[in-house]
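K.L.:
Pasting the sequence and the predicted coordinates here, then a few questions.
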Amino acid sequence: MLHNDFSGINKTFLDKVITVGGFVHTIRDHGGLIFIDLRSQTDLLQCVIDPQTNPDLFKLVEGIHSEYVLKITGKVIARTPEAVNPNLLTGEVELVISDLEIVAKAKTLPFDIHAEGKNLAGEDSRLKYRYLDFRREKLKNLLTLRHKLILQTRNWFDKEGFIEVQTPILANSSPEGARDYLVPSRIHQGKFYALPQSPQQFKQLLMVGGFNKYFQIAPCFRDEDPRADRLIGDFYHIDSEIAWADEEEIHSICERLINEVFSKFGEKKLLTTSLTKISYDDAMNKYGIDRPDLRYGLEWQNVKPVFENSGFKVFADLAGNSSSRVQALVLKGQVNNFSRSDLDKIQDLGRNFGLPGIAYIQYFEDGAKSPIFKFLSQETISELDKFLNVEKGDLVLFLANENKEIIFKAQHQIRTHIGKKLNLIDENLLSYVWIDEFPFFEKDEKTQKIDFTHNPFSMWRGDIKTLLEAKEKGTLLDLKARQYDIACNGYEILSGGVRNPNPEALLEAFKIVGYTEEEVRHKFGHMLEAYEYGAPSHAGFAWGVPRLIMTLTGEENVREVEPFPKNGSGVDPMTGSPSTVNSLQLKELGIKIS
């Protein structure tokens with residue numbers, strides 16, 4: 001029997017002759033004796049050979065280099081007390097080599113697989129030789145954690161009475177927020193399949209079919225631009241749908257999944273075992289983003305009421321505009337921690353978003369100072385102090401603009417910058433937050449076209465009558481969706497919603513964003529017809545596996561937790577995809593490249 005897992009080789013193996021196989025991790029010559037650290041997937045095993053006992057084999061060993069693949073036979077003996085390595089599972093024993101076979105030689109590696117941090121090879125090099133990158137202990141540990149997380153998640157859903165169903169990979173095109181990957185049909189030339197952005201339609205149809213609890217570790221495909229927290233192409237969801245469920249039940253299930261499964265992985269601790277709730281509007285107003293990092297405070301406040309009738313015309317005019325924002329951030333006891341250059345840096349952050357300047361008030365021990373005091377009456381200053389509950393030692397920053405989107409972006413960037421500067425972010429914590437009450441519709445600033453904010457198959461607060469009344473009154477943008485996200489440490493890691501099983505209401509919603517009834521029935525007729533046969537209410541969610549693992553492990557680049565990712569340009573340096581195909585393949589598909 002050959003041992004390729006060294007984790008169980010310990011003192012219980014003493015005096016046994018065994019055969020092991022692995023990679024040469026290091027090879028060391030210690031005054032005649034040669035030590036080989038042989039590496040398996042799980043651990044290292046020290047092997048030793050003495051030229052006095054086996055001179056011919058010793059000559060063979062002298063020609064071995066790192067990363068050679070070896071099969072070694074020998075007797076397990078105890079290490080001397082001073083040679084014991086407590087950091088290894090095999091650290092109390094070593095293998096005295098009696099026979100050795102070079103299974104495969106290895107060329108000099110293109111990069112150091114033992115390097116970490118700043119010495120780590122460039123990403124493209126590591127992706128080109130991903131099979132060598134897998135030999136790095138850190139990457140191997142990340143993929144092992146991923147395996148165990150998915151396994152325990154699958155077992156948890158099974159225990160909870162869910163059934164796993166594999167939905168199609170070749171599907172239909174669907175408007176779910178990103179571009180589809182299209183697959184041309186050879187048999188039906190001129191027609192295309194689409195790789196599913198999610199199993200959304202199929203899992204809802206399972207509910208129509210009478211299944212109560214579905215889940216799947218589902219592949220998803222989205223043609224989006226890559227970034228540090230988003231993979232290009234394909235990734236996996238922990239996907240679920242539940243009949244008769246509402247927001248409260250989904251919230252409870254997700255909270256239990258976090259506590260009973262996810263929190264067991266990685267070394268981070270939960271900030272709180274309860275899943276914090278916050279509305280979309282509160283998230284945007286307080287943090288400037290709908291996926292706030294709540295490991296620290298720094299909440300912005302609306303100070304329009306103070307400036308509405310003040311003499312400071314810039315702020316007063318904005319305070320009277322319902323769509324504008326005048327926000328303040330109180331930094332308690334921090335006035336002496338922000339120098340002029342620190343304040344200039346914050347000004348620069350604001351200018352990046354088109355803000356002409358960022359007002360501030362410094363509450364020093366000898367009195368408050370601010371460039372804007374010359375525009376404010378003493379009454380307004382006193383009212384502001386009381387409104388913000390400021391004290392000596394505080395620093396207050398102000399953002400103001402008629403465009404709320406500019407303010408939101410500046411709020412988020414400045415809050416993040418200050419959080420890092422003041423070391424407020426505890427990297428050992430996980431802060432999960434449930435965001436709900438999203439707008440159901442949004443308006444494109446360029447085209448002025450109404451579109452879905454989230455999933456088009458989800459429900460809004462109310463019924464079809466509510467939708468039609470909002471359309472008539474011109475208040476569609478005020479409709480709140482029965483949709484929700486979960487964010488953790490500033491990353492969106494779950495999205496879901498309560499579905500719309502009413503075919504008439506579903507049709508009306510699509511009409512509002514510009515689809516004709518003919519177009520809706522052409523693209524989604526199967527959904528409308530299915531609901532005409534009756535369906536229970538249902539709701540669901542999907543966790544993004546890569547981002548989930550990012551948050552659990554503290555990785556900042558999603559490509560570090562994916563087995564075979566594309567690079568930042570959407571290219572696989574190892575296989576060369578995407579690549580050209582030959583003219584015969586295109587001809588079979590009826591496609592011409594212009």
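P.N.:
Here it is on my side, so go on. Given the structure is predicted, the values throughout are model-derived calculations rather than measurements.

K.L.:
quick one, helices of the stretch 301-450 of the chain?
P.N.:
Chain-ordered helices for the stretch 301-450 of the chain, with DSSP state H, counting those that start in this stretch as the definition, fall at 304-307, 313-319, 340-351, 378-388, 404-421.

K.L.:
gap between the third one and the chain center?
P.N.:
Per C-alpha atoms, centre = their mean, to the nearest Å, the displacement of helix 340-351 from the mean C-alpha position of its chain is 30 Å.

K.L.:
Of all the residues in stretch 543-554, which ones are buried?
P.N.:
Taking 16 or more other C-beta atoms under 10 Å as the neighbour-count basis, stretch 543-554 is seen to contain the buried residues Trp543, Gly544, Val545, Pro546, Arg547, Leu548, Ile549, Met550, Thr551, Leu552, Thr553. No exception for glycine: its C-beta is placed from N, CA and C like everyone else's.

K.L.:
again with stretch 567-586
P.N.:
Of the residues in stretch 567-586, those with enough neighbours to count as buried (16+ other C-beta under 10 Å) are Asn567, Gly568, Val571, Asp572, Pro573, Met574.

K.L.:
rewinding a little: would you mind giving the buried residues of stretch 543-554 as CSV with distance to Arg415 added?
P.N.:
Putting those into CSV (distance: C-beta to C-beta, whole Å) gives the following:
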residue, distance to Arg415
Trp543, 26
Gly544, 24
Val545, 28
Pro546, 25
Arg547, 21
Leu548, 24
Ile549, 26
Met550, 21
Thr551, 19
Leu552, 24
Thr553, 24
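
K.L.:
Return the member of the residues you listed nearest to Val20.
P.N.:
Ranked by distance to Val20 (C-beta to C-beta), the buried residues of stretch 543-554 are led by Thr553 at 30.1 Å.

K.L.:
Which residue, other than its chain neighbours, is closest to the closest one?
P.N.:
On the basis of C-beta to C-beta, 6 or more residues apart in numbering, the spatially nearest residue to Thr553 that is not a chain neighbour turns out to be Gly266, at 5.2 Å.

K.L.:
same question, Gly496
P.N.:
Nearest one to Gly496, counting by C-beta to C-beta, 6+ apart, is Phe541 at 3.0 Å.

K.L.:
Leu100 versus the one you found, what's the distance?
P.N.:
When distances are taken as C-beta to C-beta, to the nearest Å, Phe541 and Leu100 turn out to be 54 Å apart.

K.L.:
Check Asp234 too.
P.N.:
In terms of C-beta to C-beta, Asp234 sits 42 Å off from Leu100.

K.L.:
quick one: which of those two has more around it?
P.N.:
Under the criterion of other C-beta atoms under 10 Å, the comparison of Asp234 against Leu100 puts Leu100 first, with 20 against 16.

K.L.:
The strand or helix carrying the more buried one - what's its average pLDDT?
P.N.:
With elements taken from DSSP states H and E, the one containing Leu100 is strand 93-104. With pLDDT averaged residue by residue, strand 93-104 scores 96.

K.L.:
What of stretch 111-129?
P.N.:
Per-region confidence: stretch 111-129 scores 93 on mean pLDDT.

K.L.:
hang on, the earlier thing: and the buried residues of stretch 543-554, which two are furthest apart?
P.N.:
Using C-beta to C-beta, the two most remote members of these are Trp543 and Thr553, lying 15.1 Å apart.
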